[in-house]
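# just the structure for this:
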Amino acid sequence: MSSSKTVALFTLALASFKGALAALRLNSPNNIAVYWGQNSFGQSTGPYVQQRLSHYCRSKPDYTLSKEAAADDTTHVVYQISFLTRINGAGGVPEVNFANAGDNCTAFPGTQLLDCPQIAEDIKECQSLGRTILLSIGGATYNEGGFTNEAAATAGAKMIWETFGPVSNPSVKRPFGDAVVDGFDFDFEATVNNMPAFANQLRSYYASDTSKKYYTTAAPQCPYPDAADGPMLDGAVYFDAIWIQFYNNYCGLQAFVPGSAAQNNFNFDVWDKWARETSLNKNAKVFLGVPGNQGAAGTGYQPISTVSEIIKTQVSFGWRGDYSSSDDEPDYNSDDEPDYNIEDDLTYTDDKVYIYKHHLDYHYEVLHR
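Model (predicted):
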């Protein structure tokens with residue numbers, strides 16, 4: 001996932017809702033997952049410049065419900081702070097990049113690790129509001145290549161846990177102070193070595209803190225097996241959810257054949273099979289991410305009308321479908337102007353579909369059967 005064009009998924013289920021926002025609950029169809037930290041719209045000022053994390057945690061989206069609105073009234077929200085760009089950086093500590101949010105941080109002496117008290121404050125506030133906060137490792141600028149061996153990988157996992165997990169070592173430099181994230185996301189764009197050992201060791205530490213649940217997620221690209229995350233996804237690591245990048249690839253949404261159960265290149269069925277047969281966690285939640293405007297990705301953008309057709313098709317072939325959107329960039333109308341009123345562009349299915357109304361990109365999410 002590009003660090004300059006972060007795609008943040010706001011997932012909205014077929015079972016409509018109208019109430020409170022809460023923490024991530026993967027056994028619920030109503031989940032929102034948002035990548036934050038890269039100022040994706042690229043403005044230094046103005047209405048779309050990235051705000052501090054707590055701004056989004058406090059926000060309550062405006063929803064339009066279908067006539068078939070269901071009783072479920074809770075949406076579960078996860079914010080993924082992006083990115084941790086090096087695990088073993090200058091001074092023997094990690095490195096992070098949070099775009100303009102980093103302007104409110106200072107580097108620890110002798111390192112490029114940022115000390116970010118404002119983000120620490122926001123993490124605590126977000127968690128007090130019931131949000132789940134993950135730290136995303138990787139991004140487009142990550143070039144470390146993983147680890148030279150498994151011993152180095154397990155040592156790296158210990159350092160990351162001590163740096164971002166519960167406070168356990170007073171000598172460790174912690175960017176978020178005593179704030180503790182709720183898990184880790186893997187978003188690698190190139191081949192990495194010995195990552196299963198790293199991910200498994202990191203996950204093994206979760207059991208040491210029984211005060212809350214921790215999550216492990218990943219953002220593979222749609223070609224299967226994923227070139228970067230493949231070794232982790234091949235039954236080696238327990239993932240709670242994956243956010244698949246169905247753009248900038250031959251298998252992106254542009255390859256979808258309307259009305260057909262058989263798809264030549266659009267390969268969500270392959271990822272559905274992965275979740276049911278290959279994934280270590282057979283209940284892993286699978287997301288399909290699609291860019292909401294042409295500027296958000298090189299390929300893969302489709303208009304809302306096509307996304308609506310995909311929703312109808314997937315539902316008709318027995319999939320459970322969710323609608324979702326991404327952070328920081330508005331959808332655009334035919335005059336290349338921001339279009340904030342997309343509900344007129346989407347044809348409702350006969351099932352319970354609702355629309356997320358905001359100046360954001362829009363994405364479609366499908367859960368495996």
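
# isn't Thr111 right next to Arg86, touching?
No - with contact taken as CB atoms under 8 Å, Thr111 and Arg86 are classed as non-touching, separated by 10.5 Å. Bear in mind the C-beta positions are built from the backbone N, C-alpha and C, glycine included.

# report the buried residues of the host helix or strand of Ser204.
Assignment of secondary structure by DSSP states H and E places Ser204 within helix 195-204. Along helix 195-204, these residues count as buried under the neighbour rule (16 or more other CB atoms under 10 Å): 195-203.

# which helices and strands does the helix or strand just after that helix pack with?
Beyond helix 195-204 in the direction of the C-terminus, DSSP H and E gives the next helix or strand as strand 215-218. For strand 215-218, the elements it packs on are strand 132-138, strand 183-187, helix 195-204, strand 241-245, judged by 3 or more CB pairs under 8 Å, 6 or more residues apart in numbering; DSSP states H and E.

# quick one: average confidence on the biggest helix by length in the chain?
The single longest helix within the chain, with elements called by DSSP state H, is helix 150-164. In this model, helix 150-164 has a mean pLDDT of 99.

# and the helices and strands packed on strand 215-218, which one is worst for confidence?
Among the helices and strands packed on strand 215-218, strand 241-245 carries the lowest mean pLDDT, a mean of 87.

# does anything pack onto the next helix or strand after that one? Which helices or strands?
Proceeding N to C from strand 241-245, the next assigned helix or strand is helix 268-273, under DSSP H and E. Contacts of helix 268-273 with other secondary structure elements, assessed using 3+ CB pairs under 8 Å, 6+ apart, are made with strand 241-245, strand 285-289.

# average model confidence for helix 268-273?
With pLDDT averaged residue by residue, helix 268-273 scores 84.

# show me which residues of that helix are buried.
Within helix 268-273, the residues that count as buried by 16+ other CB under 10 Å are 268-272.

# dump the residue contacts of the residue nearest to Asn267 when sequence neighbours are not counted.
Closest residue to Asn267 apart from its sequence neighbours, by CB to CB, 6 or more residues apart in numbering: Cys251 at 4.7 Å. Contacts for Cys251 were tallied using CB atoms under 8 Å, 6 or more residues apart in numbering; they are 222-223, 265-267.

# let's see it at 10 Å
Applying CB atoms under 10 Å, 6 or more residues apart in numbering, we find Cys251 in contact with 221-224, 244-245, 263-268, 270-271, 300.

# also Phe186?
Shown here is Phe186, whose contacts under the criterion CB under 10 Å, 6+ apart are 136-138, 192, 195, 198-199, 202, 216-220, 228-229, 232-233, 237, 239, 242.

# winner for burial among the helices and strands packed on helix 268-273?
Mean neighbour counts were compared across the helices and strands packed on helix 268-273 using mean count of other CB atoms under 10 Å; the top stretch is strand 241-245, at a mean of 27.

# and it, what other elements does it pack with?
When contacts are defined as 3 or more CB pairs under 10 Å, 6 or more residues apart in numbering; DSSP states H and E, strand 241-245 sits against strand 31-36, strand 183-187, strand 215-218, helix 268-273, strand 285-289, strand 361-367.

# go with 8 Å
strand 215-218, helix 268-273, strand 285-289.

# just checking: what are the partner strands of the first one?
Think strand 215-218. strand 183-187 (parallel), strand 241-245 (parallel) (DSSP bridges).

# save those strands as a markdown table, and put in distance to Tyr56 too.
Output for the strands paired with strand 215-218, formatted as a markdown table (distance: least, CB to CB, whole Å):
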| stretch | distance to Tyr56 |
| --- | --- |
| strand 183-187 | 17 |
| strand 241-245 | 17 |
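
# which residues touch the residue lying closest to Val180 once chain neighbours are set aside?
Distance criterion CB to CB, 6+ apart; nearest residue to Val180, sequence neighbours excluded, is Pro166 at 5.4 Å. For Pro166, the set of contacting residues under the criterion of CB under 8 Å, 6+ apart consists of 180, 208-209.

# and the spatially closest residue to Ala241 that is not a sequence neighbour, how far from Ala33?
In space, not counting the residues next to it along the chain, Ala241 is nearest to Lys285; the distance is 4.1 Å by CB to CB, 6+ apart. Relative to Ala33, Lys285 is positioned 9 Å away (criterion: CB to CB, to the nearest Å).

# quick one: end-to-end distance for stretch 247-263.
16 Å (CA to CA, to the nearest Å).

# and it, which residues are buried?
For stretch 247-263, a neighbour-count test (16+ other CB under 10 Å) marks 247-249, 251-256 as buried.

# over to the closest residue in space to Gly300 that isn't next to it in sequence: give its phi and psi.
For Gly300, the nearest residue in space outside its immediate sequence neighbours is Tyr247; the separation is 2.8 Å by CB to CB, 6+ apart. Comment: the main-chain dihedrals of Tyr247 come out as phi -160, psi 160, following degrees, to the nearest 10.

# surely Tyr247 touches Thr299?
Yes - in this structure, Tyr247 is within contact of Thr299 by CB under 8 Å, at 6.4 Å.

# quick one, the helix holding Ser204 and strand 132-138 angle?
Here the directions of helix 195-204 and strand 132-138 differ by 160 degrees (axes from the mean of the first three to the mean of the last three CA atoms, to 10 degrees).
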